[in-house]
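Undergrad: no sequence on hand, only this structure:
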């Protein structure tokens, strides 16, 4: 069965790639950019919105600051990208910030980075999908008001797709990412052309009056005003998430890996900066009004527009104005934006299990997450990620503005620690390096990373100050919980390892048992029982005994009679069960055997059914399972399962290698090349 | 560890009772009545309400019919109880309606009865708890408006208590049941005394005007009016649920069992009838107004009272009026009513697993529900029951009036089929009985059961007619689904049994394997591995081989080196794993061994950790579990688990016999006598 299916599969997909053919699946830059960029670029879909609505708190006059906030974000972005180009050259193995922090700052710092990244993956999903739902509602009005449900459905859909193990392919990323880049940059360019010719229309919201929130009637003045500007800047820094993705993905690049990765980083930075500034400029040109509380802050003819007003996202409003005579172009922009947001969320579904597998390798997370070849190894991570994202989406009503308060704390924690680690890295290397040219390069890199450290540290403090009470504390609490949990897991593994270690000369475990006492469990006289009996005999034990539990006296007598009639040469012993239990009499019997002959090995043969469907599994073997787990507590007992394959189990034994999330971005081998037909 | 705990327990509770000492735990009538009566009596808390509000649809003038509807319910109750006194004598084994129907009408009829009873257990929980929540809200006004949440919490609480295995004790039932009986009957008596002396005040709702619902302005006239009367009668018949409980509980009675059970039935009937008629009479005396739609149907000074009006349950309103100078007595009545409703729901938590175990014994439900001694055997049933009840409570907003439309269909299906079965039972016995006195008794019993059959059949038709479209279809659909499901399970077990049967001369399963090839799985060189190796050696296989999977080349080399250094005489074979899987290389290797020597037995020794906590379990053995389940699909392979008990497993091996739900009412043995100190 399985081999026919295998054959058919190979006919369609070609033979699976093996580790030694790895080179064939590596990514050229033109594919690597979209694969790694969707997360970073997609923030253009919500970062300008957050800048505008935060400034709007102090009234429309503060919009004059929006380009300057954009410039500040661009500055941070440039520094971070320059810094990460150093990381990529120094740590080309794909371990990313976690590896940099662990190597240079110790395990504890590495674990802090890991906790923050895990939390930020969850937030990437929640924020991107919530924003995507807003775009969908702005393009398809019948979805308005159902953003939360839509977002939950989208998360579950992504989860299902990733559980099924659909393989990421470069093409799947390349097309929508390039369309998104082209359409947004194209929209900006066309808008500027129209503005230059005096033909650019205003956006719809330009007709509205924007009033400050209570307490901000004076505009951006004093400490309160400055704080608001910092908050707008913090929210704008969401544009930086996803930059670290490339440093995790170096192994997936074509050679020279580090150089190509660094170039891709620079390309990514340039594009992101261009898009962000373009959108901000265009919004100012078209008179956009975007409020935190549109119902009360926006007035039409002096009257608040009220809760019925649907405030479309910034890119949506701009596209509608710029392409006022080309509704199809408006649709393309909106659809591409929605799609890139979903791809960004999918990025987290790929990154989370990869990080989980690295953490499991190092003993911070359950071991079974480590083996990436097995399907079950990552499905728990995917489900966990989706569940956490759904909780966030529902708790925050899929409102990007509220979710973004939790976001990017984690990213900047890992940025800062990673840059600190890089500075120490260069310090360490400078201590031993003698070559002058190399030293000069290192000094230069250290300077870049030091600037990066200073700037990301400042941004981290700003983010914490402006957002802690507004939601960031939730993210920090989650990081602390994860940190403690992972430490506890590590401690447990350490303890177990110490307990199991082979002390010199301690040969407790090697003492050969003197005799083997075999016990066959009998519930009925049928084929599985006879097979278990035959297998027990084949191992030629010192004593062989068949045992049944007398739950029902009538049934037991009938079984004894059938047993005797059949002339089986093994004695069938019936264990008393006054309370109609099955497990305890057997366990007590085995304990008694061990008490009498402590050096004997007792092997309990348990006949089991093998069925093909999970629901059949519910109908069988339950008492066998319980019994086995209880017998495990007795020292010197081996439990031997003797399976009997029922007809329904035929063909159910299929467990094909499926694509693991993150394969493409880690350069892992797989059944299809990244540009393949699937 | 475990034996010390056992000792302490025995010191406190005395030695557990064994089957042969069963007589000691049987129930005298004064305890049996409350144990079995809570379900039947508790319906007095909501049945009169349903009668009044259904009549209220046609306006207050139709209240004159309420005593007559009460009389009709009393008539049905008397006939049903007379009929069940015959059942109790003829089927003293406690199988109840399911046994009567299966024995006399065949397996299909028995299954119909079983399906209806299972559905009605769920409804008993939903209706009783919803009604209890209404009483709580009427006594404690801050709960008003939160009835659904309160009901869900109560269901989950009952679930938790029953999962913990708290033992039903006779006292726990006796005190609240007798308090409930005394307080309701006492309230009626005191009310009649005050009425006779002209001192009885009106209830609060008496000041209100009750208007008919639209379409019923003419009062109870024509077909529509008659139909409404029948609906009121149907709802009143809720008072009959729980009568069949005693016929399931005959084995728990003191000898003479059947006589005592029959007497208890008569007592139960008399009490229930007295309470129902008393409440109806008192409601008429105090001018009660009780509407289906109080907000619009009740007018104060000609104006509808609106949605702010909180309509208290009938008993609550009566108690407030009768005890207008004794608020404490009002509180006792309300509290006792709430408590009896919770006890009634608890009854279902006891009855459901008992019925489940009987159905499992007969192969209609998964086998593992059969063994009642094991804790796990009933916890699934309890969770299922609670989950279904919560779904109903939430779906119907904990509104008794809407839930009661689904109720009692099941009860009357089983009443009717049971009575039909009894008539056939007597027919069969009359065919062979020669003794004249015995024949006379049988003729008399048959006549009673025939009347019961006729009347319950008529009521069933009335219930179906008046309630089908109002919700009863949901109950019937659930019954049909259960019926089909149980048939499918039975079919599956039949098929498996046929597949496993020992055909004459077919000794396939007895063929002794020619040689035993032992395989020890090695992940690390530690104590568990050495133990597995020692045990494998002890069974003296023909070939012994140690096997590891080379996921990480470095680790594998290190392992090989350590293996060689230790001088283990067994060769360690490393299996290639190009895709970093663990399961597949091992499975492929075993398959290859079986292909080479099909007659060999392959025994795979898997070292496993035994831990004390469930969360530790999550950190270990996951790949072992997966591997074992996959190896089970290969014929001629035995999987031998070699447990290594970690320190944390000490003392975790405690699995004391817990009380099973329904023990008391089935006369099962247990650690405490029903009047014991627990």
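TA: Done, it's in. What you see is a predicted model; the values in this text were computed from it and never measured.

Undergrad: residue with max distance from the center of chain A?
TA: Largest separation from the mean C-alpha position in chain A: residue A:565, at 61.5 Å (CA atoms, centre = their mean).

Undergrad: show me where the stretch 351-500 of chain A has helices.
TA: Remark: helices assigned in the stretch 351-500 of chain A by DSSP state H, counting those that start in this stretch are A:375-395, A:400-403, A:409-432, A:436-467, A:473-500.

Undergrad: ok, back up a step: residues contacting the residue farthest from the centre of chain A?
TA: By CB atoms under 8 Å, 6 or more residues apart in numbering or on different chains, no residues touch residue A:565. The C-beta positions use only the backbone N, C-alpha and C, and glycine is treated the same way.

Undergrad: measure it to residue A:38 for me?
TA: 72 Å (CB to CB, to the nearest Å).

Undergrad: and after the helix or strand of chain A at the bottom of the mean pLDDT ranking, which helix or strand comes next?
TA: When each helix and strand of chain A is scored by mean pLDDT, DSSP states H and E, helix A:2-13 comes last, with a mean of 43. On the C-terminal side of helix A:2-13, the closest following helix or strand by DSSP states H and E is helix A:29-42.

Undergrad: just say helix, strand or coil for residue A:279.
TA: Assigned with DSSP: H, G, I helix; E, B strand; the rest coil, residue A:279 falls in the helix class.

Undergrad: ok, it touching residue A:313?
TA: No - contact criterion CB atoms under 8 Å: residue A:279 and residue A:313 do not qualify, at 10.5 Å.

Undergrad: have a look at the two and say which one is more surrounded.
TA: residue A:279 (27 against 22; other CB atoms under 10 Å in any protein chain shown).

Undergrad: which residue is the nearest non-sequential neighbour of that one?
TA: Using CB to CB, 6 or more residues apart in numbering or on different chains and skipping the chain neighbours, the partner closest in space to residue A:279 is residue A:48 (4.8 Å).

Undergrad: mean confidence score for stretch A:112-129?
TA: On average, the pLDDT along stretch A:112-129 is 93.

Undergrad: stretch A:522-542 too?
TA: Stretch A:522-542 comes out at a mean pLDDT of 87.

Undergrad: next, see if that stretch gets close to chain B.
TA: Yes - Stretch A:522-542 reaches chain B (CB under 8 Å from any CB of the partner chain) through A:524-531, A:533-535, A:537-541.

Undergrad: neighbour-wise, give me the winner out of these.
TA: residue A:529 (26 neighbours).

Undergrad: what about that residue, helix or strand, and which?
TA: Residue A:529 belongs to helix A:527-538, assigned by DSSP H and E.

Undergrad: what's downstream of that helix, the next helix or strand?
TA: According to DSSP H and E, the helix or strand after helix A:527-538 is strand A:543-550.

Undergrad: could you check the angle the next helix or strand after that next one makes with strand A:543-550?
TA: Using DSSP H and E, the helix or strand that follows strand A:543-550 in sequence is helix A:553-565. Put simply, helix A:553-565 runs at 150 degrees to strand A:543-550, going by axes from the mean of the first three to the mean of the last three CA atoms, to 10 degrees.

Undergrad: buried sites along helix A:553-565?
TA: For helix A:553-565, burial by neighbour count (16 or more other CB atoms under 10 Å in any protein chain shown) applies to A:556, A:559, A:560, A:563.

Undergrad: okay if I get those as TSV plus distance to residue B:602 and pLDDT?
TA: Putting those into TSV (distance: CB to CB, whole Å; pLDDT from 0 to 100) gives the following:
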residue	distance to residue B:602	pLDDT
A:556	33	89
A:559	30	91
A:560	33	91
A:563	28	90
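
Undergrad: out of these, which comes closest to residue B:244?
TA: Nearest to residue B:244 among these: residue A:556, at 32.1 Å, using CB to CB.

Undergrad: how near is the closest residue to that closest one other than its chain neighbours to residue B:362?
TA: In this structure, residue A:556 finds its nearest non-sequential neighbour in residue A:550, 4.1 Å apart by CB to CB, 6+ apart. Distance, residue A:550 to residue B:362, by CB to CB: 20 Å.

Undergrad: just residue A:234 next, same as before
TA: Applying CB to CB to residue A:234 and residue B:362 gives a distance of 67 Å.

Undergrad: quick one: contacts for residue A:315?
TA: Contact analysis of residue A:315 by CB under 8 Å, 6+ apart lists A:44, A:45, A:48, A:135, A:184, A:187, A:279, A:333, A:334, A:337.

Undergrad: now, which of those residues lie within helices?
TA: Taking DSSP state H as the definition of helices, those contribute A:48, A:135, A:184, A:187, A:279, A:333, A:334, A:337.

Undergrad: before we move on, back to that, tell me which two of the residues of stretch A:522-542 next to chain B sit farthest apart.
TA: A:524 and A:540 (25.7 Å).

Undergrad: thinking again about what came up before, and the helix holding residue A:529, what does it pack against?
TA: In terms of contacts (3 or more CB pairs under 8 Å, 6 or more residues apart in numbering or on different chains; DSSP states H and E), helix A:527-538 is packed against strand A:516-521, strand A:543-550, strand A:601-610, strand A:637-645.

Undergrad: quick one: the first one to chain centroid distance?
TA: Think strand A:516-521. Put simply, strand A:516-521 sits 47 Å off its chain's centre (CA atoms, centre = their mean, to the nearest Å).

Undergrad: same deal with stretch A:63-71?
TA: 34 Å.

Undergrad: quick one on the thing from earlier: between the helices of the stretch 351-500 of chain A, which one is nearest to chain B?
TA: helix A:473-500 (4.0 Å; CB to the nearest CB).

Undergrad: any bit of the closest one sitting next to chain B?
TA: Yes - with CB under 8 Å from any CB as the criterion, chain B is reached by helix A:473-500 at A:489, A:492, A:493, A:496, A:497, A:499, A:500.

Undergrad: these into a markdown table, with extra columns for neighbour count?
TA: Output for the residues of helix A:473-500 next to chain B, formatted as a markdown table (neighbours: other CB atoms under 10 Å in any protein chain shown):
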| residue | neighbour count |
| --- | --- |
| A:489 | 20 |
| A:492 | 20 |
| A:493 | 16 |
| A:496 | 20 |
| A:497 | 12 |
| A:499 | 14 |
| A:500 | 19 |
